[in-house]
Structures are given as C-alpha cells and as structure tokens.
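Novice: A predicted structure for the sequence below; I have some questions about it.
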Amino acid sequence: MSSQQTPPTPGEPPRKPPPRSAGTAAAPAAAQDGDGLQAGLKNRHLSMIAIGGVIGAGLFVGSKAGIADAGPGILLSYALAGLLVVLVMRMLGEMAAADPASGSFSTYADRALGRWAGFTIGWLYWFFWAVVLAVEATAAADILEGWIPAVDQWVWALLVMLVLTGTNLISVGSYGEFEFWFAGIKVVAIVAFIVVGMVAFVGLPPADSAAGLSHLTGEGGFLPNGPGAILSGMLLVVFSFMGSEIVTLAAAESPNPVAAVRKAVNSVIWRIGLFYIGSMFVIVALLPWDSKAIAADGPYVAVLDTLDIPYAGTVMDVVVLTAVLSCLNSGLYTASRMAFSLGERGDAPASFGRTNKRGVPTAAILASVAFGFVAVFFNYIAKDTVFEFLLNSSGAVALFVWLVICASQLRMRRRIEREAPERLTVRMWLYPYLTWATIGLIVFVIGYMFTDGDGRTQMILSLAVAAGVLITSLVKDRLGRGKATAGQPLGGAAEVPSRSPADAG
C-alpha cells in the first residue's frame, strides 16, 4: 500500500485528501487549532460510556409494553435482541480496533461499500440522534414540571437543552465527565435494584417469603400470548439497545482507542446480561406479568412498591431523569461527531468538519442542537403530525445501521487480513458464517416489522427517508461534488504507514 494517493482517473473529480480521524495511528495525541478532534476522553470516561451506553431510558419506561405483550417470555425477547447487539458490536469492534475513526461505521461503510453507503447511513444516524434530542428533552421536561409545576414544560426543555449544549461546547472532556456521573448513577441504580430484588427472590427481607418461579409459570404460563409474542416483544425492546455503538465513536477521542474498543466489545455480553436480562428476571419473578401495578406505575416502581421501598416513585423519577439526561448528552455528542465526520469527508458542509482550538466541532454541535430545538418546537405545536412523522421515520434506523455494519465487516475483514493482518486484535467469531447469520436475523426482523401495525408504519417511513438520502447522495456524486471511496486503503491512503509485505512498493 503506497503512502501516496493515486491520481484520479480521467473524468473523475479531483480527490479531496483523506481525512484524519482522531485515534488513528498517525493522529497526534492532541489537536491544534482547527486541526481536528482531541484525545480528551479518559479511560474512566470510556469505561462508563461503554457500561452506561446500554442503559437507556427505554429500559425503564419501555419495558412495560414488552412485558404486557410477551409476559415472562420478555426474557427471551431481551435475550434475542441482546444476542443481535452482541454480534453487531463484535463486528463493529473488529473494524474499530483495526482502524479507529470518528465516523465509526459510517466511515467503514464509505471505505468498504462506497461513498453512497457512508453518506446514507451517516446522515440517517445523525437524523436518528437529532430526533432523540427532542424526545429526551421533552421527557426530562415532563419529569421536572411534575416536581416544579410553576415552570412551564417548554422552559424546562429549553433549559436542559441549553445546559447540555454548553457542556458539549466546552470540551470533549466535559461531555465525558457529565456522562461518567450520569452513567454511574444508572449503573448503581440498576445494580441496587437487582440486588434488592434477588434478596427478596430468595425470601430474605424485605420479602416475607421466597417468590420461587410461580410467576414465571403461572398466569398463563411462560408464554401466555404464544411463541409469536417473543418476536413482537423483541420489536418493542430492540431499539432500547441503540447507543451501544457510541463507545466506538468516543474511542476515537481517547489516548488508546484500540484498547478502549477491545475492552468495550469484550464486556458487552455481561453488560446486556446483567442490566437487561437480570433486571427483567427480577421483575417477572417477583410480580405477575399482568399485574395492574406494572400497567399503572411501570415495572420498576411496581417492584419497589411491592417490597415497601419508601418513595419508590420519586426514586425512579430521579433514575429515569438521569437516564434521559444521559441519553440527551450522548445523543448530542454522537450526532455532532457523525456530522463532523461527514463534513471531514465532504459529505456535509465543510464547517461541520472543522474544530476550534479545544478540538470541539462547534458548527456540528450547533447544527445538531438546532434540529433538536426545531423538533421540540414541533412536539408542542404539531405533536400528532410533524413530530409523529419524525419519530416514525427514524424508528427503524437502528436496523439499517446494524445491517450496514454487517455488510461493511464482510468486506473490511478480507481487506484487513490482506493489508494489515496485525490490526485484527478483535475478531468476529466464526467469520463469515455468523456475519451472514446476523444479516439474516436483521432481515427477518425487518420483514416481521411489516406484519406489525406500528412497526409497518415505522419501516415504510424510515425506508422512504433512507431512499431520499440515498438519492441525494447519488445526485451529489453525479454532479461531481464528491468521489467514490470504495476500496480506499485502511485509514486513508495518506495516513497509514506501510505495515505488511503486501504493502511494499
């Protein structure tokens, strides 16, 4: 692999030099003014981002619908969704450890599948998180208004957006510090819930007697609504795992991205097993799945009330608010870094790909939060029309992202083995068979969504938006404003030194 760029072929638009992604082998540890992202995230930041990244507000507020649909079988729904995420994260970890990049899977799709793929999935991912900003700001405002009703909800939404925007604008380290404590609170809350629940499960105080497995087999059995409910339950919970991949973007702004990615990928199994399946087991083991308390108050509050934990509702409000603020904080960070990567590659306004002297992509952050503010505005004036469209049209983006990660890994793995095999410090298990099996599972879930009323709406609108973004990409390239990058050497031809004999000459 030559260290120089090959000249463009006749008729091809002039090529922009490949971008420097933070965390690559050639990247400096700290960026200068306008020179790119800085390695400002510490190991403890990344550890908590990885651990807390899988604990979204959906675990606390979205699990109620899943339990109502699948009963105790929700354990299998979470296990199936968790398995899918573990496999996708393994593939993403393989690519991220071999070639850390601020755009993560969007950059890998660009290099492995072509510019159209990186452009499309990058903008769809940005769109998803920009909508999430509005959702989480509204959720936080709803909780805060309940505590202090004298302040209007829209004021709370504006306030939390401004505070976390300021946090992200200060430095990446500021984002990391806030996320460290947000994630820490979530982890402590979930672990405490599981410990108290398991103590009660075996019959120790605060429980009067051991619960046993009666609630798992009674009230209609383990699958009261039939085996099909496992899949419908999976549709309700699978999107709560979105966010697991954030650590691969954040790792690019750390001193040792390869080690951070490896650690995050290797720990994803126990994180999902403990936080999701562990907490769900406590709920369905201690309470009947069709308990009125679960339907009225939510599963976590219902369990705490059953165990006579004082102020259970207030405690869970604090935990949910923390989870919401964490998601808002990470959502703004993630959207801005994807916009930054798109700008660096020439797939977004050039200003998005520039940073200030602290290594902060100011324009990318402001553009992302501006969209979030607009979405919040529509939530108040057109909740049932415009805002509902935004929610539904971003609803299936997670599946598109995971599918593109799989397709990219299929091609990238062969290139890494050929060009730089020593970079394969994380390997996808049973390649390529498990990759193809994962693709099959994702396609199956996409197909199943068409049989579900709400899922069908989300899939159709998400596909329509994806088609619009793809057409934009193709038209943009046809007009000569970009270049195709499929087959570009790992890390960009100009930034990766020769490492293997195949690269010589």
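Specialist: On my side now, so go ahead. Everything numeric in this text was worked out from a predicted model, so none of it was measured.

Novice: need the residues that contact stretch 228-239.
Specialist: With contact meaning Cβ atoms under 8 Å, 6 or more residues apart in numbering, stretch 228-239 is reached by 58, 62-63, 65-66, 69-71, 73-74, 76-78, 80-81, 84, 223, 395, 398-399, 445, 448-449, 452, 455. From N, CA and C alone the C-beta is placed, and that goes for glycine too.

Novice: try it again with 6 Å
Specialist: 65-66, 69-70, 73-74, 76-78, 80-81, 398, 448, 455 (Cβ atoms under 6 Å, 6 or more residues apart in numbering).

Novice: repeat that for stretch 68-76.
Specialist: With contacts defined as Cβ under 6 Å, 6+ apart, stretch 68-76 is touched by 66-67, 77, 216, 222-224, 229-230, 232-233, 280, 284, 289.

Novice: stretch 447-458 too?
Specialist: With Cβ under 6 Å, 6+ apart, stretch 447-458 has contacts from 231, 235, 392, 395-396, 459.

Novice: buried set for stretch 60-76?
Specialist: Using 16 or more other Cβ atoms under 10 Å as the test for burial, stretch 60-76 gives 60-61, 63-64, 66-76.

Novice: one more: stretch 162-171?
Specialist: Within stretch 162-171, the residues that count as buried by 16+ other Cβ under 10 Å are 164-165, 167-169, 171.

Novice: closest to Ala259 out of the contacts of stretch 68-76?
Specialist: Nearest to Ala259 out of the contacts of stretch 68-76 is Met280 (Cβ to Cβ; 31.5 Å).

Novice: per-residue pLDDT, the closest one?
Specialist: On the pLDDT scale, Met280 is placed at 95.

Novice: is it in a helix, a strand, or coil?
Specialist: Secondary structure, DSSP: H, G, I helix; E, B strand; the rest coil: Met280 is helix.

Novice: so who does it touch?
Specialist: Met280 touches 74-75, 78, counting by Cβ under 6 Å, 6+ apart.

Novice: so which of these comes closest to Pro432?
Specialist: Using Cβ to Cβ, the contacts of Met280 come closest to Pro432 at Tyr78, 26.9 Å.

Novice: that closest one: neighbour count?
Specialist: Using other Cβ atoms under 10 Å, Tyr78 is surrounded by 30 other residues.

Novice: skipping its backbone neighbours, what lies nearest it in space?
Specialist: For Tyr78, ignoring the flanking residues on the chain, the nearest one in space by Cβ to Cβ, 6 or more residues apart in numbering is Tyr276 at 4.9 Å.

Novice: you'd agree that neighbour is up against Leu80?
Specialist: No - judged on Cβ atoms under 6 Å, Tyr276 makes no contact with Leu80 at a distance of 11.3 Å.

Novice: more crowded one of the two?
Specialist: Using other Cβ under 10 Å as the criterion, Tyr276 and Leu80 rank with Tyr276 on top: 26 against 17.

Novice: which SS class is the more buried one?
Specialist: Under three-state DSSP, Tyr276 comes out as helix.

Novice: quick check: pLDDT value at it.
Specialist: 91.

Novice: likewise Ala200?
Specialist: Per the predicted model, pLDDT is 90 at Ala200.

Novice: any idea how far Leu164 is from it?
Specialist: To Leu164, Ala200 is 36 Å away according to Cβ to Cβ, to the nearest Å.

Novice: now swap in Phe241 and tell me
Specialist: Going from Phe241 to Leu164 by Cβ to Cβ gives 22 Å.

Novice: against which helices or strands is the helix or strand of the chain with the lowest mean pLDDT packed?
Specialist: Least confident element among the helices and strands of the chain, by mean pLDDT, DSSP states H and E: helix 57-61 (a mean of 80). Applying 3 or more Cβ pairs under 6 Å, 6 or more residues apart in numbering; DSSP states H and E, one finds that helix 57-61 contacts helix 312-344.

Novice: now the helix it packs on: buried residues?
Specialist: By 16+ other Cβ under 10 Å, the buried positions in helix 312-344 come out as 312, 315-317, 319-344.

Novice: residue ranges with poor pLDDT in the stretch 401-505 of the chain?
Specialist: Low-confidence segments of the stretch 401-505 of the chain (pLDDT under 70): 481-505.

Novice: switch to 90 and redo it
Specialist: Counting by pLDDT under 90, the low-confidence segments of the stretch 401-505 of the chain come to 451-455, 476-505.

Novice: which parts of it are helices?
Specialist: Using DSSP state H, counting those that start in this stretch, the helices of the stretch 401-505 of the chain run over 433-449, 453-478.

Novice: where is pLDDT lowest across the contacts of stretch 228-239?
Specialist: Minimum pLDDT across the contacts of stretch 228-239 is recorded for Gly455, with 86.
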